[in-house]
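In: below: sequence and its predicted model.
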Amino acid sequence: MFILIVVSIGVTSWMPTARIVRGDVLAIKEREFILAARSIGGTDAKIIFRHILPNVFSPIMVSATLGIANAIITESALSFLGLGFPPDFPTWGRLLNDAVEFIQLHPERVFWPGLAISLTVLSINYLGDGLRDALDPRIRGR
């Protein structure tokens, strides 16, 4: 069950990243510096590794970190609904599901797993934003 859930989340979450990368590659390959590199005899491999990949790497990292955050939320939601990992596998969604019965008596049993999910997703999103700022060649010179 574990492998099935991980694979299904992974298989369905790569498509937005691929769409972003394709759009960026199509836009970058028409830019002047690519035409200049071609005109001086640069090979396709050199142009890809020297010019296109550094410009596409930043959006890939941002999209990947957002995908990881989305996967965490998806897994937590599936576990909360009882469709996730087996009951003997502790997850934040399962902790939330187990705490719903006791929300009137012990609201902290819902608060802490919810806070953990929120802080983890927020931290991963900030990590992606920081990586974009550090790795984007268009921002690097500023």
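Out: Now that the structure is in, tell me what you want to look at.
In: over to residue 47. Which of the three states is it?
Out: helix (DSSP: H, G, I helix; E, B strand; the rest coil).
In: in what helix or strand does the closest residue to it other than its chain neighbours lie?
Out: Of all residues beyond its chain neighbours, the one nearest residue 47 is residue 37 (5.1 Å), with distances taken as CB to CB, 6 or more residues apart in numbering. Bear in mind the C-beta positions are built from the backbone N, C-alpha and C, glycine included. Secondary-structure assignment from DSSP states H and E places residue 37 in helix 32-39.
In: for the spatially most distant residue from the centre of the chain, what are phi and psi?
Out: Distance to the chain centre peaks in the chain at residue 40, reaching 37.3 Å (criterion: CA atoms, centre = their mean). As for residue 40, its main-chain torsions (degrees, to the nearest 10) stand at phi -90, psi 10.
In: okay, it: pLDDT?
Out: At residue 40, the pLDDT value in this model is 94.
In: for the host helix or strand of residue 123, name the packing helices and strands.
Out: Secondary-structure assignment from DSSP H and E places residue 123 in helix 108-135. Contact partners of helix 108-135 among helices and strands, from 3 or more CB pairs under 8 Å, 6 or more residues apart in numbering; DSSP states H and E: helix 53-81, helix 92-99, helix 137-140.
In: lowest average pLDDT across the ones you listed?
Out: helix 137-140 (a mean of 67).
In: can you pull the contacts of the most centrally placed residue in the chain?
Out: Ranked by distance to the mean C-alpha position of the chain (CA atoms, centre = their mean), the top residue is residue 67 at 2.4 Å. Taking CB atoms under 8 Å, 6 or more residues apart in numbering as the definition of contact, the neighbours of residue 67 are 13, 14, 16, 17.
In: what is the burial count for the first one?
Out: In this case it means residue 13. Counted with other CB atoms under 10 Å, the burial measure for residue 13 works out to 17 neighbours.
In: return the distance of it relative to residue 6.
Out: As for residue 13, its distance to residue 6 is 11 Å (criterion: CB to CB, to the nearest Å).
In: was I right about residue 75 contacting residue 94?
Out: No: assessed by CB atoms under 8 Å, residue 75 is found out of contact with residue 94, at 10.0 Å.
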